[in-house]
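Q: Sequence first, then the predicted structure, then my questions.
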Amino acid sequence: MANHKSALKRARQNINRRMRNRSAKTRVKNIIKDVRLSVKDKSREAVMAELNKAKSIIYKTAQKGIIHKRTASRKISRLSKMVNASLQS
């Protein structure tokens, strides 16, 4: 454990950032899961609304540096591809 005052503060900051990042990553995972489930059940408009909501959340997470921008692009690309494939059939 840290001994200096500045090191103790840094440790507290790291804990707070870790918790914030963890909650954002969980939010991304949950919204992706929601889109995947909505593809099976819901209408075209509902699926597209879910996809747009997911895109927004994923981009914001990447913009804050919680996930890498290419990871965000990959996730969005795969979701879009899945939604488009389901709407075609």
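A: Thanks, I have the structure now.
Q: show me where pLDDT drops low in this protein?
A: Residue ranges of the chain with pLDDT under 70: 89.
Q: Which stretches in it count as helices?
A: Applying DSSP state H to the chain gives helices spanning 5-41, 44-63, 69-88.
Q: quick one, which of these is packed in tightest?
A: helix 44-63 (a mean of 16; mean count of other Cβ atoms under 10 Å). (Glycine included, C-beta is placed from N, CA and C.)
Q: Against which helices or strands is that one packed?
A: When contacts are defined as 3 or more Cβ pairs under 8 Å, 6 or more residues apart in numbering; DSSP states H and E, helix 44-63 packs onto helix 5-41, helix 69-88.
Q: List of residues touching the last one?
A: Okay, so that is helix 69-88. For helix 69-88, contacts defined as Cβ atoms under 8 Å, 6 or more residues apart in numbering pick out 28, 32, 35-36, 39-40, 44, 47-48, 51, 54-55, 58-59, 61-62.
Q: Equivalent analysis for stretch 28-37, please.
A: Taking Cβ under 8 Å, 6+ apart as the rule, stretch 28-37 contacts 47, 50-51, 53-54, 57-58, 61, 67, 75, 79, 82-83.
Q: Distance to Leu8 added to those, as JSON lines?
A: Shown next, in JSON lines, are these (distance: Cβ to Cβ, whole Å):
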{"residue": "Val47", "distance to Leu8": "49"}
{"residue": "Glu50", "distance to Leu8": "43"}
{"residue": "Leu51", "distance to Leu8": "44"}
{"residue": "Lys53", "distance to Leu8": "40"}
{"residue": "Ala54", "distance to Leu8": "39"}
{"residue": "Ile57", "distance to Leu8": "34"}
{"residue": "Ile58", "distance to Leu8": "35"}
{"residue": "Thr61", "distance to Leu8": "29"}
{"residue": "Ile67", "distance to Leu8": "29"}
{"residue": "Lys75", "distance to Leu8": "36"}
{"residue": "Leu79", "distance to Leu8": "42"}
{"residue": "Met82", "distance to Leu8": "46"}
{"residue": "Val83", "distance to Leu8": "48"}
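Q: which of these lies closest to Arg20?
A: Closest approach between the contacts of stretch 28-37 and Arg20, by Cβ to Cβ: Thr61, at 11.0 Å.
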